[in-house]
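Got a sequence here, can you build the structure:
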Amino acid sequence: MAQPKLDEDLLQRLAALAARLDGGDENADASILAEFNQLAGTSIPFSEFQGIYGAEEHIDYVRRVLTDRATEALPGLERDALATMFAKVLADPCDNAYLQYVFTTIKKTLGDNQISDLVFWPGEYFGDGDNQRELTPELMADAVLERYAKRQSR
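The predicted structure is shown next:
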C-alpha cells in the first residue's frame with residue numbers, strides 16, 4: 001500500500017493552468033483547458049475549474065485530481081492497515097498529499113465518501129454534531145469498517 005509519487009513539475013504546471021482557468025473565459029481559454037486535460041489525462045469540464053480558489057488552493061485541487069487517478073482500491077484492506085493509515089493522518093493532519101491518498105484509498109476500497117469528516121468533523125460523520133470527540137486510529141478504523149459492513153448488508 002504505497003502512496004503514489006506525483007511528478008512535482010507536472011503538479012506545478014497543472015496548478016498554474018488551473019489558476020488560469022479558474023475565473024477564466026470558457027471560449028478564450030479552451031486551449032488551456034485542453035492542455036490541462038491532456039497533461040493530467042483527464043476530461044474535466046471548464047465549469048469544474050470555476051471557484052476552485054474559493055474552496056482550496058489550486059495545487060491542492062490538482063494534487064487531489066492526480067492522486068485520484070493514480071490511487072487504486074486495496075482489496076482486503078483490514079482494520080490494522082486502516083488504523084496505521086489513520087495514525088499517520090493524526091500524527092500530521094497537514095500532510096495534504098497523504099490525506100488525499102488515504103481519503104481516496106478508503107473511498108475506492110470501501111466506498112466511504114465522508115472520511116475527511118471522520119478525521120476533522122466526527123460529529124458530521126456520526127450525525128450527532130459532537131465534533132469535540134477524540135478518536136483513536138483504531139476507533140476510526142472500526143467506524144469505517146462498521147459503516148462498510150452496514151452498506152454491504154443492505
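
Give the next helix or strand downstream of the helix or strand bottoming out on mean pLDDT in the chain.
Counting by mean pLDDT, DSSP states H and E, the chain has its least confident helix or strand at helix 52-55, which shows a mean of 86. Per DSSP states H and E, the first helix or strand lying C-terminal to helix 52-55 is helix 58-70.

Wait, Pro93 touches Phe103, no?
No. Judged on C-beta atoms under 8 Å, Pro93 makes no contact with Phe103 at a distance of 11.9 Å. Glycine gets a C-beta too; all of them are placed from N, C-alpha and C.

In terms of packing, which of these two has more residues around it?
Phe103 (23 against 12; other C-beta atoms under 10 Å).

Give me the mean pLDDT for the helix or strand hosting that one.
In the assignment (DSSP H and E), Phe103 maps to helix 96-110. Model confidence over helix 96-110, given as mean pLDDT, is 94.

same check, this time on stretch 145-154
Averaging pLDDT residue by residue across stretch 145-154 gives 93.

next one: stretch 64-73
Averaged over stretch 64-73, pLDDT sits at 93.

Please export the C-alpha coordinates of it as PDB.
The C-alpha trace of stretch 64-73 is given here as PDB (Å, rounded to 0.1, in the frame of the first residue of the first chain):
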ATOM      1  CA  ARG A  64      -6.400  15.600  -5.500                       C
ATOM      2  CA  VAL A  65      -7.100  15.100  -9.200                       C
ATOM      3  CA  LEU A  66      -3.800  13.300  -9.800                       C
ATOM      4  CA  THR A  67      -4.000  11.300  -6.600                       C
ATOM      5  CA  ASP A  68      -7.500  10.100  -7.500                       C
ATOM      6  CA  ARG A  69      -6.200   9.000 -10.900                       C
ATOM      7  CA  ALA A  70      -3.100   7.200  -9.500                       C
ATOM      8  CA  THR A  71      -4.700   5.500  -6.400                       C
ATOM      9  CA  GLU A  72      -6.100   2.000  -6.700                       C
ATOM     10  CA  ALA A  73      -8.500   0.300  -4.400                       C
END
